[in-house]
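Undergrad: Need a 3D model of the sequence below.
(chains A and B)
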Amino acid sequence: MATMAFNRALSEIKTDPTNQPFFDGARAGKLLIGKCNDTGRLFWYPRGCSPFTLSNNVELVEAKGTGSIYTFTVMRTKEPYCVAYVELDEGIRVFTNIVDCDLDSLKIGQKVKLVFKPTQGDGPPAFMFTPV
Amino acid sequence: MSTNGKGYIVGAFEHPTRKADNTSVAQLHAEVAYGALQDAGLSKDDVDGFFCTGAAPGLGPLNMADYLGLTKLKHLDSTDMGGCSYVMHVGHAAEAIALGKCNIALITLAGRPRAEAMATGTAPRSWGVNVPDDPFEIVYGRTVANAYAMCAMRHMHEYGTTSEQLAWIKVAASHHAQHNPHAMLPKVVSVEDVVNSPMVSDPLHRLDCCVISDGGGALIVTRPEIAKSLKRPLVKVKGHGEATKNQNAGYTDVTYSGAVWSGPRAFEEAGVTPKDIQYASIYDSFTITVLIQLEDLGFCKKGEGGKFVADGNLISGVGKLPFNTDGGGLCNNHPANRGGMTKVIEAVRQLRHEAHLKVQVPGCTLALAHGTGGLLGTRHGSATVILERE
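TA: Predicted coordinates:
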């Protein structure tokens, strides 16, 4: 059996001044991740402070956009969709969707790559992943 | 300073309704508060500490204290960590009593998500405005069901846990619910019934999910001298622990819960171990919630939860660890989508030897109640209490 993912309507992403640079990156087709300059460690989700030191000595760095599925589930609603944590090759796990694939064929550990999908309203696109 | 022995649960009441079409949430709070006070042999003007959550109508305890006519309050607490809040409140009440901040604490919960036709588990939902993680998660259709399902999927991958093992948790709950006249789902189900029920969010089937119900409950916690002056069996708060767990800044591991911290804190304060526990109320929003919490609380080794729950090990009179003898959230009720209150109430029934005869643990003197609030797969609270009959 195959359950093909389709482009479901995505709710508008409400941004705020702190996360705006991340979503500006999304508009430019980049997946940005947080980096703490006190420790050199990467973090998710991006924020204005370091979750390791609480200082604001943080920046955004671009991820390669490749990774593997850490875990996932397919919501069996009328329009099924896949929610997942993808482990980026940079080592952090991000909450996302897996799209443009047969949802019944997905496996933990599967390699995936970055795609962007438009959202409703004037908001930024949402980063997602699709099997390589 | 320990709170071991500083607080006693002297009143407990569970609302019998499961669908409250013709009343309000505030009135449900009033009915459970009255019920718990009657149970304790106390009256409203004895209450000087009041605990509720953001699920109560209004600003913290403000509007409910007014509605209930609580005029003697000197200690207020609206700690809200979702469904486990009421387990935390028991600990917080013992703390407040130990410090002399209040003498008689009332804890209430009520809600009517069923009457309001709320899509509790399957519709994306925010906890409020300006929540910093929302822009990174809501657009992906994060729901209660999928945030727990991802934990089950990874647990299966790492430890070989099966859908049939998870189903045993529901089967055990249904064996208990058949004796509860108020249970929403009193029919005994089989492993096959669970795994053949429709898939909600892989690998969780409909029967892996708790019910959506209206209702509520209330508890009264007081100091030892007052407890001993009342007529109810003495149920002592022996240990309490709480914690919060989240995505750990992107280094998330969804195979364990905050129970790995709240559990040991409660056991240490109580001076007992998991082996000593005769009855356990374990939050059961989903079957996987139970399995992960049982492992994290130390009832079995990490990864061995599947084997532990199989073959009726959680069924009272059959297995080694009787759990949720009221039928739990899986079969009985889950008022206001918050199961912590009913977890404490059934533990109190067991310790009073007032559970249904068919599920009563003989000579039960030591029980545990544990809750998870929020989403197991993203960020959640954990609370554990250990209760002892004197």
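
Undergrad: Now do the contacts for B:Asp39.
TA: With contacts defined as C-beta atoms under 8 Å, 6 or more residues apart in numbering or on different chains, B:Asp39 is in contact with B:11-13, B:220, B:232. Yep, even glycine has a C-beta here, placed from its N, CA and C like the rest.

Undergrad: tell me the mean pLDDT over stretch B:136-154?
TA: Across stretch B:136-154, the average pLDDT comes to 97.

Undergrad: again with stretch B:352-361
TA: 98.

Undergrad: Equivalent analysis for stretch A:125-132, please.
TA: Stretch A:125-132 shows a mean pLDDT of 98.

Undergrad: and that stretch, is it in reach of chain B?
TA: Yes. Using C-beta under 8 Å from any C-beta of the partner chain, stretch A:125-132 reaches chain B at A:126, A:128.

Undergrad: From the contacts of B:Asp39, pick the one nearest B:Lys101.
TA: Using C-beta to C-beta, the shortest approach to B:Lys101 within the contacts of B:Asp39 belongs to B:Ile220, at 15.8 Å.

Undergrad: which strand residues sit across from the closest one in the sheet?
TA: Beta bridges link B:Ile220 to B:Gly11, B:Leu106, judged by DSSP bridges.

Undergrad: Contacts only, for it.
TA: Remark: with contacts taken as C-beta under 8 Å, 6+ apart, B:Ile220 is in contact with B:9-12, B:36-37, B:39-40, B:42, B:47, B:104-107.

Undergrad: before we move on, what about A:Pro118?
TA: Contacts of A:Pro118 (C-beta under 8 Å, 6+ apart): A:10, A:125.

Undergrad: got the phi/psi numbers for it?
TA: Dihedral pair for A:Pro118: phi -70, psi 150, per degrees, to the nearest 10.

Undergrad: Please name the residues that touch B:Ser29.
TA: Quick fix: residue B:29 is His, not Ser. Taking C-beta under 8 Å, 6+ apart as the criterion, B:His29 is in contact with B:52, B:56-57, B:64, B:67-68, B:108-110, B:216, B:218.

Undergrad: Name the member of the contacts of B:Ile220 that has the highest neighbour count.
TA: B:Leu106 (34 neighbours; other C-beta atoms under 10 Å in any protein chain shown).

Undergrad: can you tell me which of the contacts of B:His29 are in helices?
TA: B:64, B:67-68 (DSSP state H).

Undergrad: can those residues go into a markdown table with extra columns for distance to B:Gly263, neighbour count and pLDDT?
TA: A markdown table is the format used below for the ones in helices among the contacts of B:His29 (distance: C-beta to C-beta, whole Å; neighbours: other C-beta atoms under 10 Å in any protein chain shown; pLDDT from 0 to 100):
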| residue | distance to B:Gly263 | neighbour count | pLDDT |
| --- | --- | --- | --- |
| B:Met64 | 31 | 24 | 98 |
| B:Tyr67 | 36 | 17 | 98 |
| B:Leu68 | 33 | 21 | 98 |
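
Undergrad: which of those residues come close to chain A?
TA: Restricting the ones in helices among the contacts of B:His29 to those near chain A - C-beta under 8 Å from any C-beta - leaves none.

Undergrad: For B:Ile277, state which of these is nearest.
TA: For the ones in helices among the contacts of B:His29, the nearest to B:Ile277 is B:Met64 (33.3 Å; C-beta to C-beta).

Undergrad: export stretch B:283-292 as PDB, just CAs?
TA: What follows is stretch B:283-292, C-alpha atoms only, in PDB (Å, rounded to 0.1, in the frame of the first residue of the first chain):
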ATOM      1  CA  TYR B 283      -0.500   8.600  33.500                       C
ATOM      2  CA  ASP B 284      -1.900   6.900  30.500                       C
ATOM      3  CA  SER B 285      -2.600   9.500  27.800                       C
ATOM      4  CA  PHE B 286      -1.400   6.800  25.400                       C
ATOM      5  CA  THR B 287      -0.100   3.200  26.000                       C
ATOM      6  CA  ILE B 288       3.400   4.400  25.200                       C
ATOM      7  CA  THR B 289       3.200   7.000  28.000                       C
ATOM      8  CA  VAL B 290       2.800   4.200  30.500                       C
ATOM      9  CA  LEU B 291       5.500   2.000  29.100                       C
ATOM     10  CA  ILE B 292       8.200   4.800  29.100                       C
END
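
Undergrad: can you tell me if it touches chain A.
TA: No. On the criterion C-beta under 8 Å from any C-beta, stretch B:283-292 is out of touch with chain A, staying 10.9 Å away.

Undergrad: Quick check: mean pLDDT of that stretch?
TA: For stretch B:283-292, the mean per-residue pLDDT is 98.

Undergrad: from the chain's centre, how far out does that stretch sit?
TA: Relative to the chain's own centre, stretch B:283-292 is displaced by 11 Å; criterion: C-alpha atoms, centre = their mean, to the nearest Å.

Undergrad: so where is chain A shaky, pLDDT-wise?
TA: A:1 (pLDDT under 70).

Undergrad: residues near residue 78, how many?
TA: I'll assume chain A. Neighbour count for A:Lys78, taken as other C-beta under 10 Å: 6.

Undergrad: think we crossed wires, I meant chain B
TA: Using other C-beta under 10 Å, B:Ser78 has 18 neighbouring residues.

Undergrad: Spatially nearest residue to it (excluding sequence neighbours)?
TA: Excluding the flanking residues, the one nearest B:Ser78 by C-beta to C-beta, 6 or more residues apart in numbering or on different chains is B:Gly60, at 3.5 Å.

Undergrad: re earlier: what's the farthest-apart pair in the contacts of B:Asp39?
TA: Top of the distance list for those (C-beta to C-beta): B:Phe13 and B:Arg232, 11.9 Å.

Undergrad: neighbour count winner among the two?
TA: Higher neighbour count among B:Phe13 and B:Arg232: B:Phe13, with 24 against 18, using other C-beta under 10 Å.

Undergrad: Check what pLDDT that one gets.
TA: pLDDT recorded at B:Phe13 is 98.

Undergrad: got the residues of the stretch 101-250 of chain B near chain A?
TA: Within reach of chain A by C-beta under 8 Å from any C-beta, the stretch 101-250 of chain B has these residues: B:122, B:124, B:130, B:132-143, B:145-147, B:149-154, B:157, B:198-204, B:247, B:249-250.

Undergrad: So which of those residues sit within helices?
TA: Using DSSP H, the members of these that fall within helices are B:145-147, B:149-154, B:157.

Undergrad: Between the residues you listed, which sits nearest B:Lys358?
TA: B:Ala152 (30.1 Å).

Undergrad: show me where the stretch 251-390 of chain B has strands.
TA: Along the stretch 251-390 of chain B, counting by DSSP state E, counting those that start in this stretch, strands occupy B:279-282, B:366-374, B:380-389.

Undergrad: Please convert those to a markdown table, extending it with mean neighbour count and distance to B:Val188.
TA: A markdown table is the format used below for the strands of the stretch 251-390 of chain B (neighbours: other C-beta atoms under 10 Å in any protein chain shown; distance: least, C-beta to C-beta, whole Å):
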| stretch | mean neighbour count | distance to B:Val188 |
| --- | --- | --- |
| strand B:279-282 | 28 | 20 |
| strand B:366-374 | 28 | 24 |
| strand B:380-389 | 27 | 28 |
